[in-house]
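Novice: Sequence and computational prediction follow.
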Amino acid sequence: MTNTKKLLGLRIKELRKLKGYTQSELAEYIEVDPKHLSRIESGVNYPSMVALVKMADKLDVELKELFVFNHLDSPKTLLDEMSTTLNNVDEAKLRLYYRVLKDLTL
């Protein structure tokens, strides 16, 4: 099942970084606390409709562009997601994932 909250957050983060804005800058523009924007980008919270409209304006995209997720399968995005996942596992799982990956690439 697709997690729309997570995908939306990743898309907002991607567009924000492409435009060169920090979380604080975007949060100030859309009038939310930077911690709230962080929770939006990490897929914990949904933004309000007002925040979405302001984000689209600040990021210079149409509102619908915030919901275009098919680009997230790029190799860089996949590597970033893998890195994030691997950074959040304990050492035993990390070693297991390494062995599996190594076996798959031989």
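Specialist: Received the coordinates, thanks. Keep in mind the model is a prediction, meaning the values are calculated, not measured.
Novice: Neighbours of Tyr98, how many?
Specialist: 11 (other C-beta atoms under 10 Å). For glycine as for every other residue, the C-beta is placed from the backbone atoms N, C-alpha and C.
Novice: Give the buried residues for the worst-scoring helix or strand of the chain on mean pLDDT.
Specialist: Using mean pLDDT, DSSP states H and E, helix 75-87 stands out as the lowest-scoring helix or strand of the chain, at a mean of 81. When neighbours are counted by 16 or more other C-beta atoms under 10 Å, no buried residue of helix 75-87 is found.
Novice: Render the CA-only coordinates of it in CSV, please.
Specialist: Only the C-alpha atoms of helix 75-87 are listed here, as CSV (Å, rounded to 0.1, in the frame of the first residue of the first chain):
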residue,chain,number,x,y,z
PRO,A,75,18.4,5.9,-9.0
LYS,A,76,19.5,8.9,-6.8
THR,A,77,16.2,8.8,-4.9
LEU,A,78,16.4,5.0,-4.5
LEU,A,79,20.0,5.3,-3.2
ASP,A,80,18.9,8.1,-0.8
GLU,A,81,16.1,6.0,0.5
MET,A,82,18.3,3.0,0.9
SER,A,83,20.8,5.1,2.8
THR,A,84,18.2,6.5,5.1
THR,A,85,16.9,3.0,5.8
LEU,A,86,20.3,1.6,6.4
ASN,A,87,21.2,4.5,8.8
